[in-house]
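J.: I'd like to go over a predicted model; first the sequence, then the structure.
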Amino acid sequence: KQVMECTDQPYVTGYKIWQHEIQWPERKAARQGYLFFGSPNERSTAVPPRDFYIYFIQPFDPPHFEDEKKPDEVFFKLKKKDEEFDQKLSLYAAAVELASTSSGQAKNVYKSKADGFLAELVSWLKKHIIDAFDVTYRGQTKAMYEWLKGKSMRSLFGIGANERMNFRDLVNSIVGVLLSPYFDEQAPQYPCFSVFITSQNREQVAQDALRFIAGQGKSNNVVKAVIDALELFDSERGDEHINPSCSRYAQHIMKVLKSKGSGQVVNRSELIEDVNGVEYFAPKEGFRLEPEWLVVVLAALVYSGDLVLAVPGKKFDASELSTLAAEKVSDLINFKHIERPKEWNVPAIKALFELLGLTSGMVQLITQGKEEPLQGLQIAIRKYVERFVQAQNVVNNGIFFWKHDILSDIQKMQPDKYGPEGKTLQSMLKETKDFLESLQVYSTIGKLKNFRYDVEDVNKHKRGFDALEEIESLKRLMNELSDITSYISQAEMAMPEDSDWVKEVERKRKDLIEQILDPAKRRSASFHKDVIQQLGHLKKEYIRIYIDMHTRARLGKNDDERKKRLLRDSRLKMLRDLATIEIMPVSQLREFEDKLASLKSCFELTEQKLNNTPICPDCNFKPGDEGKGAPASNVLGELEDRLDDMVKQWTENLLDNLEDPTIRSNLELLKPEEKSLIEDFLKNRELPEDLSSEFINVVKEVLSGLVKVTIKTEDLRFALLDEGSPVTPDEMRRRFNEYIEKLTKGHELEKIRIILE
């Protein structure tokens with residue numbers, strides 16, 4: 001009992017019999033039987049039959065029994081005892097007897113002795129197991145080692161080189177080898193596992209296999225071994241794809257199901273049979289599968305859409321596979337029945353294919369078990385879901401044409417376009433997107449066979465697809481137009497507001513918006529092209545107008561050289577030198593220089609440059625900011641002419657002031673050489689070509705007694721006209737005199753020189 005590790009209670013009280021499990025080495029599967037210490041005629045009749053019986057016959061005074069040479073019985077007899085064994089056994093028996101008749105400390109001593117002798121007996125058995133026991137099977141008796149000749153227990157039972165086989169392991173291994181032919185006769189169609197499956201791990205492995213079939217769990221070596229042994233993998237596509245049509249066990253189930261009439265089911269009792277109190281699937285057909293393996297095969301058939309599994313209170317079809325995998329295997333093995341799934345909903349599936357723009361004829365291939373069209377369906381669904389999500393974002397953000405929300409106006413103009421229920425465009429898109437996402441569950445043929453929508457359910461989403469197409473079409477058009485409308489908008493800001501071109505842009509924008517809002521117009525095949533052409537014409541016209549205005553407002557290459565020469569002109573230098581004299585009208589010179597500086601040069605602008613940007617990239621010319629004005633070339637010519645006039649005027653002004661009697665008296669105060677410079681100027685009536693600093697300084701000294709009074713035009717206007725009311729000539733003269741008196745008060749009138757700015 002110790003070496004066979006019988007630590008639990010006997011199967012039947014009063015009998016030395018235990019339930020026992022061994023491995024069927026070729027199939028790596030557990031078999032259930034009994035271990036009995038005694039002969040067959042001593043076995044209780046209350047023990048139900050099982051797959052095997054292991055008997056250990058008493059070594060002393062064995063009972064008489066007749067070996068019926070049954071294929072499920074193996075006998076072990078201790079034959080080769082030695083003196084050591086007999087002695088230890090005698091001592092053990094004596095110690096047990098004395099312990100039973102003693103009390104107190106003596107009793108404990110005898111019990112301790114008995115335990116020690118028993119330990120030595122167990123050690124002897126472990127040491128001599130190979131040569132001490134004879135094993136009898138089907139009337140043939142051999143020493144244990146003779147049965148083991150030519151066989152490797154380690155390879156048969158998967159025992160590692162570093163693992164030690166104990167007494168129990170060796171007994172179980174020998175029995176497994178001896179009974180393998182009998183097990184083959186008993187269940188020739190039983191699956192061959194590549195890993196050892198025991199009664200302890202069978203339920204958990206089956207549970208993991210269900211999750212794998214449902215696509216919820218990762219595969220491991222044990223799960224793959226089970227799926228492969230049950231022949232549920234696709235023979236062509238490999239060990240990641242379930243295809244129960246390859247399984248003999250699944251085929252048998254389908255054969256039973258197909259034998260039923262329309263609307264009939266296959267009850268659990270028609271698949272599972274009770275054999276001596278133990279349930280098996282199809283034992284008469286040689287399968288003899290445990291119910292856990294039947295559940296795995298049924299789950300694969302649910303996955304493929306070949307059947308519906310009914311348990312108390314619910315049914316599982318392919319669409320409920322994840323729920324099925326969450327059920328406990330211990331509950332599923334008590335299923336009620338299996339039944340045929342619904343017939344293919346071909347019209348609705350065809351409607352779905354047509355809705356997605358797929359060939360509806362492919363549906364027939366799916367009903368024949370072809371997966372390629374189904375894969376194409378799922379790809380199309382995923383792509384459309386992405387498009388609907390993007391469309392929802394577009395609706396949230398709006399679709400703008402020249403800052404005008406086109407999409408918002410379309411919805412306002414067509415409130416019933418997306419259904420009589422008054423659905424918004426956003427709600428329509430969401431409803432269709434949710435519908436498409438619900439279709440992603442139909443990822444296998446079995447699931448699609450349980451398609452729950454009808455034709456009307458599918459077709460009502462055509463409005464959603466129409467809305468999607470319209471949004472995408474509008475978005476594409478706006479994307480195509482965004483560059484050119486952005487260009488024209490920038491051009492508008494650069495042009496004068498009252499220009500004919502800007503007015504034409506405003507008219508064209510209003511007209512195009514009206515066309516876009518017209519459903520019939522915007523759906524026209526040529527509409528996109530027409531809009532682009534019209535905007536292209538506006539752009540082309542702008543480029544022509546802009547270049548003309550640019551040419552007018554900017555100095556060309558030749559004029560740029562003229563400007564440079566003018567800036568270096570000696571006359572301009574002369575005026576700048578004279579400007580240091582206080583009585584000179586300096587404002588004229590400043591005005592001249594400002595106007596000359598405002599003339600910009602730019603002569604490299606081309607149509608190609610303006611095709612990319614509406615503003616000259618070299619000079620940033622904006623007609624609206626700079627005004628119309630005269631052509632820059634003409635202005636430059638006027639400035640050239642004006643320079644002579646300014647020199648002449650300034651010369652005369654200087655002469656007039658120097659010839660004033662009040663000033664001439666100052667000449668006598670000059671040194672001879674300084675006086676000579678002034679007299680030469682008065683005599684020649686022209687400024688020296690080389691206007692020296694000495695001449696300028698002498699003039700300043702002579703005119704130093706003069707007082708410069710500057711009158712600004714705006715101040716003069718205000719003094720004469722006050723608030724703009726009409727006045728008489730006498731009143732005007734009075735106001736003027738008062739204004740002059742105010743300006744000259746405190747100065748000698750002879751020394752005052754008035755300059756108008």
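T.: Good, I have the coordinates. Worth saying up front: this structure is predicted, and the values here are computed from it rather than measured.

J.: Could you point out the helix or strand that follows the helix ranked longest in the chain?
T.: For the chain, the helix with the greatest residue count under DSSP state H is helix 462-494. Moving toward the C-terminus from helix 462-494, the next helix or strand (DSSP states H and E) is helix 500-517.

J.: where does the residue nearest to residue 504 when sequence neighbours are not counted land on pLDDT?
T.: Once flanking residues are discounted, residue 504 sits nearest to residue 538: 7.0 Å by CB to CB, 6 or more residues apart in numbering. Any C-beta I mention is one placed from the backbone N, CA and C, and that applies to glycine too. Model confidence at residue 538, given as pLDDT, is 95.

J.: Which secondary structure state is assigned to residue 538?
T.: Under DSSP: H, G, I helix; E, B strand; the rest coil, residue 538 falls in the helix class.

J.: quick one: it and residue 489 touch, right?
T.: No: with contact defined as CB atoms under 8 Å, residue 538 does not count as touching residue 489 (11.1 Å).

J.: more neighbours, the two?
T.: residue 538 (19 against 15; other CB atoms under 10 Å).

J.: Which residues are in contact with that one?
T.: For residue 538, the contacting residues are 488, 501, 504-505, 508, by CB atoms under 8 Å, 6 or more residues apart in numbering.

J.: In CSV: these, plus neighbour count and pLDDT.
T.: Listed next are those as CSV, based on neighbours: other CB atoms under 10 Å; pLDDT from 0 to 100:
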residue, neighbour count, pLDDT
488, 20, 94
501, 19, 95
504, 14, 94
505, 21, 94
508, 16, 93
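
J.: Distance of the spatially most central residue of the chain relative to residue 453?
T.: In the chain, the C-alpha nearest the mean C-alpha coordinate belongs to residue 386, at 9.8 Å (CA atoms, centre = their mean). Per CB to CB, to the nearest Å, residue 386 is found 21 Å from residue 453.

J.: Over to residue 164?
T.: Applying CB to CB to residue 164 and residue 453 gives a distance of 63 Å.

J.: Would you mind measuring from the residue nearest to residue 369 when sequence neighbours are not counted to residue 347?
T.: The shortest distance from residue 369 to any non-neighbouring residue, by CB to CB, 6+ apart, is to residue 445 (6.2 Å). Separation of residue 445 from residue 347 (CB to CB): 18 Å.

J.: Neighbour count for those two, which is higher?
T.: residue 445 (22 against 13).

J.: doesn't residue 305 make contact with the more buried one?
T.: Yes: contact between residue 445 and residue 305 holds when scored by CB under 8 Å: they sit 5.5 Å apart.

J.: how near is residue 176 to residue 196?
T.: Distance from residue 176 to residue 196, by CB to CB: 11 Å.

J.: more neighbours, these two?
T.: residue 176 (21 against 17).

J.: ok so the more buried one is a helix residue?
T.: Yes: assignment of residue 176 by three-state DSSP places it within a helix.

J.: Just the pLDDT for it.
T.: 93.

J.: Tell me which stretches of the stretch 601-750 of the chain form helices.
T.: For the stretch 601-750 of the chain, the helices defined by DSSP state H, counting those that start in this stretch occupy 607-612, 623-626, 632-658, 661-664, 672-684, 693-702, 713-721, 729-744.

J.: Of all these, which one comes closest to residue 213?
T.: Of all the helices of the stretch 601-750 of the chain, it is helix 607-612 that lies closest to residue 213, at 61.4 Å by CB to CB.

J.: who touches residue 182 in this structure?
T.: 52, 71-72.

J.: How about residue 338?
T.: Taking CB under 8 Å, 6+ apart, we find residue 338 in contact with 253, 257, 265-266, 271, 298, 301, 307-310.

J.: If we use 10 Å, what do you get?
T.: 253-254, 256-257, 260, 265-268, 270-271, 298, 301-302, 306-310, 315-316 (CB atoms under 10 Å, 6 or more residues apart in numbering).

J.: same deal with residue 297?
T.: Contacts of residue 297 (CB under 10 Å, 6+ apart): 191, 209, 213, 230-232, 244, 247-253, 271, 281, 287, 289.

J.: So it versus residue 304, what's the distance?
T.: 11 Å.

J.: Between residue 445 and residue 305, which contacts overlap?
T.: With CB under 10 Å, 6+ apart as the test, residue 445 and residue 305 both reach 318, 344, 369.

J.: wait, isn't the last one in contact with residue 305?
T.: Yes: when contacts are counted by CB atoms under 10 Å, residue 369 is listed as touching residue 305 (9.5 Å).

J.: more crowded one of the two?
T.: residue 305 (22 against 12).

J.: In a helix, the more buried one, correct?
T.: No: using three-state DSSP, the secondary structure at residue 305 is coil, not a helix.

J.: Got the phi and psi for it?
T.: phi 80, psi 20 (degrees, to the nearest 10).

J.: The nearest residue to it once chain neighbours are set aside: neighbour count?
T.: Computed as CB to CB, 6+ apart, the closest residue to residue 305 that is not its neighbour in sequence is residue 446, at 2.6 Å. By other CB under 10 Å, the residues close to residue 446 number 23.

J.: hang on, residue 446 is in a helix, isn't it?
T.: Yes: assessed with three-state DSSP, residue 446 lies in a helix.

J.: need the helices for the stretch 51-200 of the chain, in chain order.
T.: 83-101, 104-132, 144-147, 153-157, 167-186.

J.: neighbour-wise, which of residue 164 and residue 453 wins?
T.: residue 453 (19 against 7).

J.: tell me the SS of the more buried one?
T.: coil.

J.: Look up how far residue 674 lies from the residue located most distally from the centre of the chain.
T.: Most distant from the centre of the chain: residue 668, at 99.2 Å, with distances by CA atoms, centre = their mean. The spacing between residue 668 and residue 674, counted by CB to CB, is 11 Å.

J.: rewinding a little: surely the residue farthest from the centre of the chain meets residue 678?
T.: No: the pair residue 668 and residue 678 fails to qualify as a contact (CB under 10 Å) at a distance of 11.1 Å.

J.: who touches the closest residue to residue 148 other than its chain neighbours in this structure?
T.: Of all residues not flanking residue 148 in the chain, residue 174 sits nearest, at 6.9 Å (CB to CB, 6+ apart). Counting by CB under 10 Å, 6+ apart, residue 174 makes contact with 22, 54, 74, 76, 129, 133, 135, 137, 144, 147-148, 151, 153.

J.: By neighbours, which of those residues wins?
T.: For those, neighbours tallied by other CB under 10 Å; top is residue 22, 25 neighbours.

J.: Can you find the helix or strand of this protein with the lowest average pLDDT?
T.: When the helices and strands of the chain are scored by mean pLDDT, DSSP states H and E, helix 153-157 comes last with a mean of 64.

J.: Which of the contacts of residue 182 sits closest to residue 615?
T.: residue 52 (98.8 Å).

J.: what about the closest one, how many residues close to it?
T.: 24.

J.: So the nearest residue to it once chain neighbours are set aside versus residue 199, what's the distance?
T.: Here the nearest residue to residue 52 in space, its sequence neighbours aside, is residue 33; by CB to CB, 6+ apart that works out to 3.5 Å. Applying CB to CB, the value for residue 33 to residue 199 is 12 Å.

J.: overlap in contacts of these two?
T.: 19, 21.

J.: When those two are compared, which one has more neighbours?
T.: residue 33 (20 against 14).
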